[in-house]
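Visitor: Got a predicted structure plus its sequence, pasted below:
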Number of protein chains: 4
Amino acid sequence: MIRFECDYTEGAHERILQRLLETNEEQTPGYGTDDHCAKARAYIKKACDSENADVHFLVGGTQTNTTVISSILRPHQGVIAAVSGHIGVHETGAIEATGHKVLTLPSEDGKIRGEQVKELYDAHWRDAAPEHCVQPGMVYISQPTENGTIYSRSELEVLSRVCRECDLPLFIDGARLGYGLVAEDNDVSLANIAQLCDVFYIGGTKIGAMMGEAIVILNDALKKDFRYMIKQKGGLLAKGRILGIQFETLFEDGLYFEISKHAIDMAMLLQKGLSEQGFSFLYHSTTNQQFPIISDRILQALSEKYTYSFWEKVDNTHTAVRFCTSWATKKENIEMLLQDIKALQ
Amino acid sequence: MIRFECDYTEGAHERILQRLLETNEEQTPGYGTDDHCAKARAYIKKACDSENADVHFLVGGTQTNTTVISSILRPHQGVIAAVSGHIGVHETGAIEATGHKVLTLPSEDGKIRGEQVKELYDAHWRDAAPEHCVQPGMVYISQPTENGTIYSRSELEVLSRVCRECDLPLFIDGARLGYGLVAEDNDVSLANIAQLCDVFYIGGTKIGAMMGEAIVILNDALKKDFRYMIKQKGGLLAKGRILGIQFETLFEDGLYFEISKHAIDMAMLLQKGLSEQGFSFLYHSTTNQQFPIISDRILQALSEKYTYSFWEKVDNTHTAVRFCTSWATKKENIEMLLQDIKALQ
Amino acid sequence: MIRFECDYTEGAHERILQRLLETNEEQTPGYGTDDHCAKARAYIKKACDSENADVHFLVGGTQTNTTVISSILRPHQGVIAAVSGHIGVHETGAIEATGHKVLTLPSEDGKIRGEQVKELYDAHWRDAAPEHCVQPGMVYISQPTENGTIYSRSELEVLSRVCRECDLPLFIDGARLGYGLVAEDNDVSLANIAQLCDVFYIGGTKIGAMMGEAIVILNDALKKDFRYMIKQKGGLLAKGRILGIQFETLFEDGLYFEISKHAIDMAMLLQKGLSEQGFSFLYHSTTNQQFPIISDRILQALSEKYTYSFWEKVDNTHTAVRFCTSWATKKENIEMLLQDIKALQ
Amino acid sequence: MIRFECDYTEGAHERILQRLLETNEEQTPGYGTDDHCAKARAYIKKACDSENADVHFLVGGTQTNTTVISSILRPHQGVIAAVSGHIGVHETGAIEATGHKVLTLPSEDGKIRGEQVKELYDAHWRDAAPEHCVQPGMVYISQPTENGTIYSRSELEVLSRVCRECDLPLFIDGARLGYGLVAEDNDVSLANIAQLCDVFYIGGTKIGAMMGEAIVILNDALKKDFRYMIKQKGGLLAKGRILGIQFETLFEDGLYFEISKHAIDMAMLLQKGLSEQGFSFLYHSTTNQQFPIISDRILQALSEKYTYSFWEKVDNTHTAVRFCTSWATKKENIEMLLQDIKALQ
């Protein structure tokens, strides 16, 4: 099987494994207080142009989202998200399990607009008895989104301004952040993100690491006691160095961006090839997730050799599916896939 | 610094890293559905002589305890544990964060007795209005305990019988299980454990792995929907293979036991050496944690070269501290430590 | 001000107050274990033709919904409800605060259909990885709904059959149940409800009592330890007799139905009067909530003398509002309201 | 049966029922926004000499404790309480159900001392890795305590000073506050309490009301959004006037204190009578709960005519039991009880 169903089908970038080997016998203190974590933090703060940020390393995305969100909200508050937001649909109610409602906004492309947030916020406070409703307490977005789309700088600026006017901390889920940062049409830098939101995370699991997400907290008010929250939610890795070493490797000389670029190159190769063959796409994605609409006949044939994710039925004979590329995607596999599809037409 | 403050100061056993390298480019499905996890599960079920067990891999101990306990209890129930139990004192209220009280029993040595459980259970149900109190819903113990002690087979049998009489699932935290299984005075096998409890976990983080705990569910009633719980609590690793490969390596030919034995040898070397120098110990531990009582003067001097954990003040000039050995402890470091202590007397 | 904004603007039916006075000096045990509660339970079980039901008295609706739902669901499960369901929109996230997601179904009239439940259920289990999503665990409906509509017997039968096929307990919020039971087009009896659902409650707060809701549990599997849940959620009233006496009075000789009928008569008087004046309604309600669409000019004028609830803007100059009648509504007030509206046309 | 097992065996003071009758047909808005609640708030603020306080009315004690505590704490924090504190032992884990641990301090008499709080606080922050432990976040005490004892003004002052030094809000559970305020040896006024703590409540259920507790929030930082918390926790009574009218009656002209005094007179009559007969007491209580130690033979005989609460076995043939007096206790019943006990000696 050649796998395209997600962006975590391989192990880790070889330089990471190499570094783990080299450092294996070092003795370090636990829980992220070691030198590798310190270096990784410094590299990340520099990349974000945010010397005062707090950086924490967690293992996975659901854990990260839950820890951040439950740390920020008071019990009667909820988190605003797109109806397609990962926290609302694919985390088994992890946010609700910490006591909070996900307040959803409609979205066609995975993004939400500043105006939508303002409208929901105003509607809440306009209510004669707002205390009967969940109070909007923060905003969650993903960059790139679940649909592969990315926010432009101006979109983020509007969202950020609204959030600050409404006193709603803005949290950006960057599980695939690298893939957004190097997309061809992207105009948002890591430093922009750090300026425009209150807290975000840089995903490692899907971009070169075995596992690991780096939370960057910009807003001072959200920094207090955050390590307690990590520990309580089960995310304080005993051998925190394992995460530190991985992010150290990814950020010491730009490896993170370099391998992200490879994934995008592969995604564009796929997109271009399919477009040329006449396929259309469910979303206009410029990142590593591509959502072509393909006939069920072809999909059936492909499934003997390739994996992909079912996304949604488009009509009786066609389905939108998801193909993911990653740092590890081999060019020959994309080319073979394109040829095989062509042959099936 | 030579580190003895805990049993997770190094990376992972070299065979694990080697295996990660060898398998790195394999493409596998996510979330623990890959072949490495399947093999690891098979090895573990065989080692436990429990073909019908369900085996799940999680990342760390707090996450594992929280996931298991919150999966079992109904909202009005609590978990019985020793007053020194890890869930009650060193997990930042993770159990309470899922809504449940830890019902503590007094313990000098880290163990609780079947009679204590029976007494607490009877007292609850004898109450004229038990519904005003948290209902005991399950029992949590550690093997070895936080104090380094181990339950004998007969102690476990009594506890197990009481639990079954009272319909209280018995959960064994095996964060250091290997170190207990190979202790000189141990008479409990993995198969015994699997027979006597309802669910337990085999710790990897402290015994050779970078991270990872293997949950073994024996009681059919506790198996249902467990993967939902793992996902919700943030423990369903995207690249689940990373855990599978580690446990595959540890259990395919007995490596887990072999390296556990090394840690015990080192602990006994330390214990014997300190005893010969006249030191006494806070607890009678036959496992990898040793709790000598040492004068503050010597400890002060040692702290320039060695790390250890503060445990408790014994009198004005003496302190009980904890030294941990592990699969990675070097014999020369134990010998040097003993010599340095001797020189300081 | 003449109040129509809700159905809890007065105290309690005079016979209830009278009974409280008569019994005031009796000494009774606490927490609902007294004879008045016992009698009230017996009357209710008889009215439901369900001798084996468990009946519990709680103080208010949100408390009741939270206690029932959190008692039934396991942590990874959610409750299915109409998008307009009270638990999802007007209880400040009380359900989420106990850890559970409300899984919403679209609804125009406040009702959900059996087919919708089946579809959501099937979609969940058809997913390749359902454990990444909240598992549907039960169904919540209101009778009457938030829109004043009522389920017919055949609609309830379909819903009930689907719920049983899918092993989803069906819970009916009967905050206004009396008003539904005596509606002119109603064909559902209390006994029907008791047969078709697993648990429901009979609202007292809105129908004659000072406060109080009577939970009726039919499904044996849901009865266990329910008093613990009531206590934990803060609903076990110390002087439980106060609730018992109220329901005893309401159910000993049909007072509950009699006063419900009065409210419906008043609502129909209002509906008929407004219809004759040419007004249309947002929903076709045959119960005590009426939702006429009225010009903003008239509403503005009315608001100096009457209260009503804003419901939604219909167009630039018209608004749908809610007028509620109740057991305590005076006929002369309805007549005056109709005259005043007529005069404003 | 003549009941002494608790202080909620009768209905409500007749003046309260009378007032409910008089006001019954008034139409008022819901949820505590009516004029009766407004007046009750004003009376209470005046009685507390705290014009800037926020006053909220809830139905019962567990609900009140849960709402206050969960509103104050962040997820990683716990509440410090005496080991005998009501929240830790008799509320079915309601606090844990909102995610928080109760951090217990030993206590013989139901009280905790400022020094104990300071010691627990310092121990937490002295820990090398405090984030592995629940952070102390507030302090809960009862006045009077579960043992019938009362804090002196100087004890409260010390506790208050420590709490402010440590930034730990101090919450006083006043379920029986009136009985403490009028105790003969009391030197603490309502105004003192309002000055020394951050939030407290005045119990109505046990002192003349059918039900109802008045929360008084003094600390501005704890006032924000409190009505959301009440609603979410199920405590926002639809007909809030029912609570308002009760507290209005109790506080408009000192009825609360007058009827509290009656209960104390009855308790002292009982205490004196038993002392004269040679009985000793488990605790030195000057309030409405008395804990005499009585032979099992006498208790057995008494139980045919009187109810009391079992407290604890003192030796093989004697038991400490609890007799409660209240605003409703009849003098002839105390006298008869004393005679009956005398006759049994």
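Guide: In hand now; what should we look at? Numbers count the residues shown, from 1 in each chain, chains lettered A, B, ... in the order given.

Visitor: Against which helices or strands is the lengthiest helix in chain A packed?
Guide: If you go by DSSP state H, chain A has its longest helix at helix A:255-276. Counting contacts by 3 or more CB pairs under 8 Å, 6 or more residues apart in numbering or on different chains; DSSP states H and E, helix A:255-276 is packed against helix A:177-181, strand A:289-290, helix A:331-344. The way it works is simple: take the backbone N, C-alpha and C, and place the C-beta from them, glycine included.

Visitor: so how far is the second one off the chain centroid?
Guide: Think strand A:289-290. Remark: strand A:289-290 is offset 13 Å from the chain centroid, using CA atoms, centre = their mean, to the nearest Å.

Visitor: Chain D contacts on the stretch 1-150 of chain A?
Guide: Counting by CB under 8 Å from any CB of the partner chain, the stretch 1-150 of chain A comes close to chain D at A:31, A:70-71, A:74-76, A:98-99, A:129-132, A:135.

Visitor: just checking: which of the residues you listed also lie near chain C?
Guide: Counting by CB under 8 Å from any CB, A:75, A:76, A:98, A:99, A:131, A:132 from the residues of the stretch 1-150 of chain A next to chain D sit close to chain C.

Visitor: May I see these arranged in a markdown table, with secondary structure and neighbour count as well?
Guide: Supplementary listing: these in a markdown table, determined by DSSP: H, G, I helix; E, B strand; the rest coil; neighbours: other CB atoms under 10 Å in any protein chain shown:
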| residue | secondary structure | neighbour count |
| --- | --- | --- |
| A:75 | coil | 26 |
| A:76 | coil | 28 |
| A:98 | coil | 24 |
| A:99 | coil | 27 |
| A:131 | helix | 18 |
| A:132 | helix | 19 |
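
Visitor: so which of these comes closest to residue A:58?
Guide: residue A:98 (14.9 Å; CB to CB).

Visitor: which residues of chain A fall in strands?
Guide: According to DSSP state E, chain A carries its strands in the segments A:2-3, A:54-58, A:77-82, A:102-105, A:135-142, A:170-173, A:199-203, A:213-217, A:289-290, A:293-295, A:306-307, A:309-315, A:318-324.

Visitor: For the residue of chain A positioned farthest from its centre, which non-adjacent residue is closest in space?
Guide: Ranked by distance from the centre of chain A (CA atoms, centre = their mean), the top residue is residue A:128, with 37.4 Å. Counting by CB to CB, 6 or more residues apart in numbering or on different chains, residue A:128 lies nearest to residue C:310, which is 7.0 Å off, once chain neighbours are set aside.

Visitor: The one you found contacts residue C:303, correct?
Guide: No. Residue C:310 lies out of contact with residue C:303 (CB atoms under 8 Å); the separation is 10.2 Å.

Visitor: List the contacts of the residue positioned nearest the centre of chain A.
Guide: The residue lying closest to the centre of chain A (CA atoms, centre = their mean) is residue A:175, at 2.3 Å. Each residue near residue A:175 by CB atoms under 8 Å, 6 or more residues apart in numbering or on different chains is listed here: A:61, A:86, A:142, A:201, A:203, A:205, A:206, A:213.

Visitor: Residue A:245: which of the residues of the stretch 1-150 of chain A next to chain D is nearest?
Guide: Nearest member of the residues of the stretch 1-150 of chain A next to chain D to residue A:245, counting by CB to CB, is residue A:31, at 14.6 Å.

Visitor: For the residue nearest to residue A:128, list each beta-bridge partner.
Guide: Counting by DSSP bridges, residue C:310 forms beta bridges with residue C:321.

Visitor: Could you report the neighbour count for it?
Guide: Residues contacting residue C:310 under the criterion other CB atoms under 10 Å in any protein chain shown number 14.

Visitor: and the gap between it and residue C:320?
Guide: According to CB to CB, to the nearest Å, residue C:310 and residue C:320 sit 9 Å apart.

Visitor: Name the residues of chain A found near chain C, please.
Guide: A:75-76, A:78, A:89-93, A:96-102, A:128, A:131-134, A:310.

Visitor: one more time with 6 Å
Guide: A:76, A:90, A:92, A:93, A:96, A:97, A:99, A:100, A:101, A:132, A:134 (CB under 6 Å from any CB of the partner chain).

Visitor: what sits against the second one?
Guide: In other words, residue A:90. residue C:132 (CB atoms under 6 Å, 6 or more residues apart in numbering or on different chains).

Visitor: mind pulling up the phi and psi values for it?
Guide: With angles defined as degrees, to the nearest 10, residue A:90 sits at phi -130, psi 30.

Visitor: same deal with the last one?
Guide: Here the main-chain torsion angles of residue A:134 (degrees, to the nearest 10) amount to phi -70, psi 130.

Visitor: Just give the number of residues close to it.
Guide: 27.

Visitor: go on, the fourth one?
Guide: By the other CB under 10 Å criterion, the neighbourhood of residue A:93 contains 26 residues.

Visitor: got it, and the third one?
Guide: Around residue A:92 there are 30 other residues, counting by other CB under 10 Å.

Visitor: Which residues of the stretch 101-250 of chain A lie near chain B?
Guide: A:205, A:210, A:228, A:231, A:232, A:234, A:238, A:239, A:242.

Visitor: What residues does the first one make contact with?
Guide: Residue A:205 is in contact with A:8, A:211, B:238, counting by CB under 6 Å, 6+ apart.

Visitor: ditto for the last one
Guide: With CB under 6 Å, 6+ apart as the criterion, the residues that contact residue A:242 are residue B:210.

Visitor: rerun at 7 Å
Guide: By CB atoms under 7 Å, 6 or more residues apart in numbering or on different chains, the residues touching residue A:242 are B:210, B:211.

Visitor: pLDDT wise, what is it at?
Guide: Looking at residue A:242, its pLDDT reads 98.

Visitor: The closest residue to chain D within the stretch 201-345 of chain A: neighbour count?
Guide: Closest to chain D within the stretch 201-345 of chain A is residue A:228: 3.6 Å, counting by CB to the nearest CB. Applying other CB under 10 Å, we find 23 residues neighbouring residue A:228.

Visitor: Can you give me the domain boundaries for chain A?
Guide: Domains of chain A are assigned by automatic domain parsing as A:2-6+A:256-344, A:14-254.

Visitor: Return the most buried member of the ones you listed.
Guide: Most buried of the domains of chain A by mean neighbour count (mean count of other CB atoms under 10 Å in any protein chain shown) is domain A:14-254; its value is a mean of 22.

Visitor: gap between that one and the chain center?
Guide: Distance, stretch centre to chain centre, for domain A:14-254: 8 Å (CA atoms, centre = their mean).

Visitor: Figure out the length between the terminal residues of it.
Guide: Distance across domain A:14-254, first residue to last, is 15 Å (CA to CA, to the nearest Å).

Visitor: Kindly provide the distance from the residue in the stretch 201-345 of chain A positioned nearest to chain C to residue A:322.
Guide: Chain C sits closest to residue A:310 of the stretch 201-345 of chain A, with a gap of 7.0 Å, by CB to the nearest CB. To residue A:322, residue A:310 is 8 Å away according to CB to CB.

Visitor: next one: residue A:194
Guide: Computed with CB to CB, the distance linking residue A:194 and residue A:322 is 29 Å.

Visitor: residues from the stretch 151-300 of chain A in reach of chain D?
Guide: Contacts of the stretch 151-300 of chain A with chain D, taken as CB under 7 Å from any CB of the partner chain, map to A:225, A:227, A:228, A:229, A:231, A:232.

Visitor: For these, give me TSV that also has pLDDT.
Guide: Listed next are these as TSV, based on pLDDT from 0 to 100:
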residue	pLDDT
A:225	98
A:227	98
A:228	98
A:229	98
A:231	98
A:232	98
